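Provided below for reference: sequence and predicted model.
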Amino acid sequence: LILLDSLLQEKLLACKMPKAANQVDKEDPEYLAKRAKNNEAIKRSREKARAKAKDTQTKVDHLKKDNKRLEDKINVLGQEMQFLKDIFLAHAGAQNPGAAVAGAVAGMAVGVAAGEQGGNMQLLNSLLREIEQPTP
């Protein structure tokens with residue numbers, strides 16, 4: 001049995017593939033052609049990665065700009081909603097016109113003082129004139 005193991009080991013050692021030489025001749029035309037081909041492939045790969053990164057950055061910039069525009073629109077629509085709510089409340093309180101108009105004016109005055117955009121200043125002035133008029 002031991003003899004059989006030793007014979008198998010000898011056979012296996014004899015059947016191994018020869019190792020490739022570790023030293024490569026750097027002047028070999030085949031080696032130089034492979035290196036040139038590899039260098040071109042690396043160059044193309046890096047250029048493709050740069051182009052993809054640039055495209056991604058362009059998309060990010062576009063999405064940030066679009067997001068800002070939508071946030072501004074939300075803000076404007078919120079202001080418009082508050083303005084319309086104030087008008088509705090002023091109209092709903094028509095049984096007590098002075099109190100309703102005064103409430104609407106107070107709400108708009110806060111908005112104007114905060115620097116909100118829109119034609120609120122003109123409306124505020126007209127509502128103030130209504131308050132100043134005597135009620136019948």
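In hand now; what should we look at? Residues are numbered from 1 along each chain as shown.

Give the burial count for the closest residue to D25 other than its chain neighbours, as a bare number.
Leaving aside its chain neighbours, D25 sits nearest to Y31 (6.5 Å; criterion: C-beta to C-beta, 6 or more residues apart in numbering). C-beta coordinates here come from the backbone N, C-alpha and C atoms, glycine included. Neighbours of Y31 under the rule other C-beta atoms under 10 Å: 12.

distance of Y31 from D72?
Distance from Y31 to D72, counting by C-beta to C-beta, to the nearest Å: 62 Å.

do D28 as well
D28 is 65 Å from D72, by C-beta to C-beta.

related to what we said a few turns ago, if I read this right, the residue nearest to D25 contacts Q23, doesn't it?
No - counting by C-beta atoms under 8 Å, Y31 sits too far from Q23 to count as a contact (11.2 Å).

which residue ranges form the helices in the protein?
2-14, 29-92, 97-113, 120-132 (DSSP state H).

Out of these, which gets the lowest mean score?
Per-segment mean pLDDT for these reaches its minimum on helix 97-113, at a mean of 57.

what's the neighbour count on K65?
K65 has 10 neighbours, counted by other C-beta under 10 Å.

Check the one 10 residues further on too.
Other residues near N75 come to 12 when the count uses other C-beta under 10 Å.

got it, and R44?
Counted with other C-beta under 10 Å, R44 comes out at 10.

Check the spacing between it and L32 real quick.
According to C-beta to C-beta, R44 and L32 sit 19 Å apart.

Same question for R50.
Taken as C-beta to C-beta, the span from R50 to L32 is 27 Å.

go on, D5?
48 Å.

Which residue of the two possesses the greater neighbour count?
A count of neighbours by other C-beta under 10 Å puts L32 above the other of D5 and L32, at 12 against 9.

got a list of what the more buried one touches?
Shown in contact with L32 (C-beta atoms under 8 Å, 6 or more residues apart in numbering): K26.

gap between it and D25?
Taken as C-beta to C-beta, the span from L32 to D25 is 10 Å.
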